[in-house]
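Chemist: Got a sequence here, can you build the structure:
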Amino acid sequence: MIIQLDSNITGAQLKRLKEKLKEIAYKTTHVSTQYSDYIIGVGKREFDIRAIGTMPGIRDIHRVSDDYKLVSKKWRVEDTAIRLNEDIEIGTGHFTLMAGPCSIESEEQIEKTIAHLARNGVRIMRGGVYKPRSSPYSFRGLGIDGLKLWYEKAHAAGIKIITEVMMVEQIEDMAGYVDIFQVGARNSQNFNLLDALGEVDKPVLLKRGISGTIDELLQAAEYIFSNGNERIMLCERGIRSYETAYRNTMDINAIAMLKEKTHLPVIADPSHGIGLRRFVSPVALAAVMAGADGVILEVHEQPEKAFSDGQQTLSFPEAERLYKRLRQAFELRETF
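Modeler: The predicted structure is shown next:
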């Protein structure tokens, strides 16, 4: 059960509400976000919902049987929109492109990528300054100094940035230079990190775990929401399976299923999803037709010279062709 509270509810009214829920053996949790206040009620006893809903200080009440309640579509029928500024909105009928290198490598690379994105109307640049790598000897990013340089260049060009945060301790230092925090697949169930991101008023892109189920992804998002941050996007980026012909198994089914289960925007990451450059475009197009609100892509001026993930990274000309096709696919989908 989700009870949305009036903004002017009194302390006495809130106390009486909690007492009423305790009488029917419901455990309550008070959730306060940047937009509203909620009481989450968990219990099994049947009761007349009107007995609660008519109490003073209550704006709305909903039965939600899912374990993930706040991110469920069962109570918020209209999809969530995440606004970065007056010109950039993610979700609710908008199609969003995010693109950039796997790793931020140099000032020259940043400038060339920004110029490429600006020419093609892509307003969000992805890139990593802290890189979780399988090998400790691989390039692991430029760190906070690289982030500051990147932020300065991108914002001068009117481009927002999304980058991965790996530890709770990094959030404070990064927050002033990040528009969207990304939680990578390896951290999708790092609950301390999710809790901390719930306390930050910055959008969060939450990637599905390497072997994570859809319900586990939604439960992870619930951690962020229940700690105060409603500005969440979910990302399907492929899961680990028995198949070895490609990097991951891109679960196109998950995109359609997530759009059914949650009001949060759903972003597709075909670069990691298949991990082979020549197949990124068709998989990206399939994701759009399955219902994705946006696509995040790895692009580089010279993928063969990229410090990381060059095998799945599109060149600038390849990316330009795909941007056009993705926008066309979205327009076609909207006519269905």
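Chemist: List the buried residues in the helix or strand of the chain with the lowest mean pLDDT.
Modeler: Least confident helix or strand of the chain, by mean pLDDT, DSSP states H and E, is helix 49-53 with a mean of 90. For helix 49-53, the neighbour count (16 or more other CB atoms under 10 Å) marks Ile52 as buried. Just so you know, the C-beta spots here come from the backbone N, C-alpha and C atoms, and that holds for glycine as well.
Chemist: What helices and strands are in contact with the helix or strand that it is followed by?
Modeler: Downstream of helix 49-53, the first helix or strand assigned by DSSP states H and E is strand 58-62. Packing contacts for strand 58-62, counted by 3 or more CB pairs under 8 Å, 6 or more residues apart in numbering; DSSP states H and E, involve strand 2-5, helix 49-53.
Chemist: average pLDDT across strand 58-62?
Modeler: Averaged across strand 58-62, the pLDDT comes to 95.
Chemist: Give me the residues contacting that strand.
Modeler: 1-6, 9, 17, 36, 49, 52-53, 74-75 (CB atoms under 8 Å, 6 or more residues apart in numbering).
Chemist: who wins for most neighbours among those?
Modeler: Tallying neighbours with other CB atoms under 10 Å puts Ile3 at the head of these, with 23 neighbours.
Chemist: quick one: it and Ile39 touch, right?
Modeler: Yes - at 4.2 Å, Ile3 counts as touching Ile39 under the criterion of CB atoms under 8 Å.
Chemist: one step back: dump the contacts of strand 58-62 to TSV, plus distance to Phe191.
Modeler: As requested, the contacts of strand 58-62 are exported to TSV (distance: CB to CB, whole Å):
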residue	distance to Phe191
Met1	23
Ile2	21
Ile3	25
Gln4	25
Leu5	26
Asp6	31
Ile9	30
Leu17	28
Ser36	23
Ile49	31
Ile52	30
Gly53	32
Lys74	24
Trp75	23
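Chemist: Between these, which sits nearest Ser226?
Modeler: Ile2 (10.9 Å; CB to CB).
Chemist: Quick one: residues contacting the closest one.
Modeler: Tyr38, Ile39, Ile40, Gly41, Ile61, His62, Val64, Lys69, Leu70, Trp75.
Chemist: And the furthest pair within the contacts of strand 58-62?
Modeler: Farthest apart among these by CB to CB are Ile9 and Lys74. That separation is 23.3 Å.
Chemist: As a check, name the ranges of all strands in the stretch 51-200 of the chain.
Modeler: For the stretch 51-200 of the chain, applying DSSP state E, counting those that start in this stretch gives strands covering 58-62, 82-83, 89-90, 96-100, 124-126, 160-164, 180-183.
Chemist: how about those strands in a markdown table, adding mean neighbour count?
Modeler: Formatted as a markdown table, these follow (neighbours: other CB atoms under 10 Å):
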| stretch | mean neighbour count |
| --- | --- |
| strand 58-62 | 16 |
| strand 82-83 | 18 |
| strand 89-90 | 20 |
| strand 96-100 | 25 |
| strand 124-126 | 25 |
| strand 160-164 | 23 |
| strand 180-183 | 24 |
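Chemist: Turn those strands into TSV, including distance to Gly228.
Modeler: Shown next, in TSV, are those (distance: least, CB to CB, whole Å):
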stretch	distance to Gly228
strand 58-62	18
strand 82-83	15
strand 89-90	19
strand 96-100	24
strand 124-126	23
strand 160-164	20
strand 180-183	14
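Chemist: Nearest to Asp251, out of those?
Modeler: So among these, strand 180-183 is nearest, using CB to CB, at 17.8 Å.
Chemist: quick one, the longest helix along the chain and strand 96-100 angle?
Modeler: As assigned by DSSP state H, the longest helix anywhere in the chain is helix 316-334. On the basis of axes from the mean of the first three to the mean of the last three CA atoms, to 10 degrees, helix 316-334 is oriented at 160 degrees to strand 96-100.
Chemist: Helix 316-334 - contacts with which helices or strands?
Modeler: strand 96-100, helix 107-119, helix 277-290, strand 294-298.
Chemist: For those, give me CSV that also has distance to Thr244 and mean pLDDT.
Modeler: Conversion of these to CSV gives the following (distance: least, CB to CB, whole Å; pLDDT from 0 to 100):
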stretch, distance to Thr244, mean pLDDT
strand 96-100, 28, 98
helix 107-119, 32, 98
helix 277-290, 15, 98
strand 294-298, 21, 98
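Chemist: Columns distance to Met166 on top of these, output as CSV?
Modeler: Formatted as CSV, the helices and strands packed on helix 316-334 follow (distance: least, CB to CB, whole Å):
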stretch, distance to Met166
strand 96-100, 18
helix 107-119, 21
helix 277-290, 25
strand 294-298, 18
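Chemist: Any stretches of this protein with poor pLDDT?
Modeler: 133-134, 137 (pLDDT under 70).
Chemist: domains of it?
Modeler: 2-62, 82-334 (automatic domain parsing).
Chemist: Done for today, thanks.
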